[in-house]
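A.B. asks: Structure, please.
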Amino acid sequence: MNQKATASRFRHGLILLLALMLMFYVLVVSGYIGFSLRAEYEETLAQSERTTQDYARLLEEHTLRTLDASDLVVLRLLDRIDPNALSVQAVQESLWRQVRLIIAESPQTETLLVADAEGTVLLDARRHPARPANIAERDYFQALKTQTNETFVGKVIKDPDSGAYVFTVARRILDENARFRGVVAATIPNTYFQQFYRRLNLGANHGLGVYKLDGAILVREPLLKEEDINRSMAQNPIYTLHLPKSPIGTYRGKSAYDGIVRVVSYRKLDEPPLLVWVSIAENDALAAWQSRAQRLVALGLASLLVMGLISLLVLRGFRREQAAQAELTMLNASLTRSNSDLEQFAYIASHDLQEPLRMIASYAQLMERRYRGRLDPDADTFIGYIIEGAQRMRGMVRELLDYSRVDLNLRPSLKIEPEKALRQALDNLNALIGASGALIEVGPLPKTVLADFNQLVSLFQNLIGNGLKYQPPGNKPIIHIKGEDRETAWRFSIQDNGIGIEPQYFERIFLVFKRLHSRSAYPGDGIGLAHCKRIVERHGGRIWVQSVFGEGSTFHFELPKRSPPIPETLAAPE
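C.D. replies: Numbering: from 1, shown residues only. So this is what the prediction gives:
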């Protein structure tokens, strides 16, 4: 019952431990993934902001360089014009040819126009003479006529000749009295900017362009609809929220133009007064991060699944081990009961067989004394067989009784002196030692060991007795006995110079009633070494043999320095 309660507590403890370990693992993995993804998310957005800021500076430089180049073309033409002689007749072919050369050196300029104070076009770099036209209603003409600006960037128009969208960089023509005499204008096609923007390769959902400060679109890439040309973006957050706070900035927000959430960087130009901006779609900026996040989350979930499966397998393995342990405990208990029953049976059988065998032997000896020579010779022989068999049987029963008593007589190990046990064994063998003329050599022995004194005496007596018995004819036995310290155990060795044992019999000799020789050659019942093995193992030790056939054997046994538990056995029957 206690074992079941202990096993149940252990099982519940293991389940709790596995659950805590799994929770801890979940917290660690999810925390690591969350922290890593958050840090990488912020770094990715910061990098996208730095990228848009770099491109905004690039757009600012490109826009200023383009406008300055076109303005320089306008100034070069102004130097060749007489403000007091502006008429169609005054514009000679030679001037037109000079303008064509100037245009050829300015790839960003579509054409150059010269108009008088009424807006009449006097010169068009694309043809001579100029096609009749009037630009008095154009925003740049009105601004230069009524304001003091030296340079003006006009809104986007559709060029009537090329059909392309262009915007204008214009300067006023003044006479020596600073009176307005007309304008010189250079047109720049939107495609010049768009081609440059496309080469930047900012992604599928990029956005960039140049706006006027009133919100009018000059250039935008991409342009969703043609009618968006000159569309006012004055309500865009860039104008309503950010530009009033700072002329340079970066923000994240939903575009009023296409509804895409973007990372936007902008820069305000003072002269001319324009706004350049660059944006990257937040989804494009986070695409690599999202892919890595999916992989990390998938990896985390997979690792959690693996940990869960491992925990399940450990728990299942533990349950199987518990079931196997319970079954093994039952089998051990059954085996213990069977062994106890067998030991009790062997004890009772050997004990109860003593008396009938004694009677058989006694009456057979009585018959031998009374009827020897009075019956036929075969009868005398048969009676001899009966006496010999009964005596041998009594010896086997006696040894079997001793064998079965090993557990029954085993007491808790005490500190004993092995030298005294050896001396007792040698005293018991004194007659055999004297008859054989044996030489007994005793080496160093431990002062004390943990053992049962009587069983240690029996152990020494059996091993030394075998060394005396199993000798070649006429050989003088030499027995050497010693003990060694082997860290956790005391090792004893009994070496003889007898007939030796072949290697294939090293295990067999320790089995009950297993003999290697006939009784006529070497008397005995084949239980002595089995008895020795039982004694050693019941003390928690081990026994083995080393031998060279024809030269002798050495029997080793070890007794642990710590006392082993006493096995549960039946008490000796009364």
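
A.B. asks: from memory residue 116 sits against residue 182, does it?
C.D. replies: Yes: at 4.4 Å, residue 116 counts as touching residue 182 under the criterion of C-beta atoms under 8 Å. Yep, even glycine has a C-beta here, placed from its N, CA and C like the rest.

A.B. asks: which one of those two has more residues nearby?
C.D. replies: Higher neighbour count among residue 116 and residue 182: residue 182, with 25 against 20, using other C-beta atoms under 10 Å.

A.B. asks: what about whichever strand or helix holds the more buried one, average pLDDT?
C.D. replies: Using DSSP states H and E, residue 182 sits in strand 180-189. In this model, strand 180-189 carries a mean pLDDT of 92.

A.B. asks: just checking, what packs against it?
C.D. replies: helix 2-78, strand 111-116, helix 139-146, strand 165-174 (3 or more C-beta pairs under 8 Å, 6 or more residues apart in numbering; DSSP states H and E).

A.B. asks: Walk me through which strands the shortest one pairs with, and which way each runs.
C.D. replies: What it means is strand 111-116. strand 121-124 (antiparallel), strand 180-189 (antiparallel) (DSSP bridges).

A.B. asks: Which residue ranges make up each domain of the chain?
C.D. replies: Annotated domains of the chain cover 48-285, 409-574 [automatic domain parsing].

A.B. asks: Which of these sits closest to residue 17?
C.D. replies: domain 409-574 (29.8 Å; C-beta to C-beta).

A.B. asks: for this structure, what spans make up the helices?
C.D. replies: 2-78, 93-104, 139-146, 190-199, 237, 282-285, 287-371, 377-408, 418-428, 430-436, 453-469, 528-538 (DSSP state H).

A.B. asks: For the last one, list every residue counted as buried.
C.D. replies: Put plainly, it is helix 528-538. Within helix 528-538, the residues that qualify as buried by neighbour count (16 or more other C-beta atoms under 10 Å) are 528, 529, 530, 531, 532, 533, 534, 535, 536, 537, 538.

A.B. asks: Distance to residue 280 added to the residues you listed, as a markdown table?
C.D. replies: Shown next, in a markdown table, are the buried residues of helix 528-538 (distance: C-beta to C-beta, whole Å):
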| residue | distance to residue 280 |
| --- | --- |
| 528 | 96 |
| 529 | 91 |
| 530 | 90 |
| 531 | 93 |
| 532 | 90 |
| 533 | 86 |
| 534 | 88 |
| 535 | 89 |
| 536 | 85 |
| 537 | 82 |
| 538 | 85 |
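
A.B. asks: If residue 547 is in a bridge, with which residues?
C.D. replies: In beta-bridge terms (that is, DSSP bridges), residue 547 pairs with residue 553.

A.B. asks: That one contacts residue 501, correct?
C.D. replies: Yes: Residue 547 lies in contact with residue 501 (C-beta under 8 Å); the separation is 4.2 Å.

A.B. asks: So for residue 312, which of the domains of the chain sits nearest?
C.D. replies: So among those, domain 409-574 is nearest, using C-beta to C-beta, at 36.7 Å.

A.B. asks: How far does the closest one sit from its chain's centre?
C.D. replies: Computed by C-alpha atoms, centre = their mean, to the nearest Å, the chain-centroid distance of domain 409-574 equals 55 Å.

A.B. asks: Mind checking the pLDDT average for it?
C.D. replies: For domain 409-574, the per-residue pLDDT averages 85.

A.B. asks: roughly how far out does the strand holding residue 182 sit from the chain middle?
C.D. replies: The answer for strand 180-189 is 72 Å, by C-alpha atoms, centre = their mean.

A.B. asks: Now for residue 116 and residue 182: what residues contact both?
C.D. replies: Both residue 116 and residue 182 are in contact with 86, 122, where contact means C-beta atoms under 8 Å, 6 or more residues apart in numbering.

A.B. asks: just to revisit the earlier point, between residue 547 and residue 501, which contacts overlap?
C.D. replies: Taking C-beta under 8 Å, 6+ apart as the contact rule, residue 547 and residue 501 both touch residue 553.

A.B. asks: returning to what we had before: of the helices and strands packed on strand 180-189, which approaches residue 329 most closely?
C.D. replies: helix 2-78 (7.1 Å).

A.B. asks: re the thing from before, hey, which of the strands paired with strand 111-116 is tucked in deepest?
C.D. replies: strand 180-189 (a mean of 23; mean count of other C-beta atoms under 10 Å).

A.B. asks: tell me the pLDDT at the residue positioned nearest the centre of the chain?
C.D. replies: In the chain, the centroid-proximal residue (C-alpha atoms, centre = their mean) is residue 303; its distance is 8.2 Å. Listed pLDDT for residue 303 reads 78.

A.B. asks: shouldn't it be in contact with residue 29?
C.D. replies: Yes: taking contacts as C-beta under 8 Å, residue 303 lies within contact range of residue 29: 6.1 Å.

A.B. asks: just to revisit the earlier point, for residue 23, see how far away the residue nearest to the centre of the chain is.
C.D. replies: Distance check for residue 303 against residue 23: by C-beta to C-beta, to the nearest Å, it reads 14 Å.
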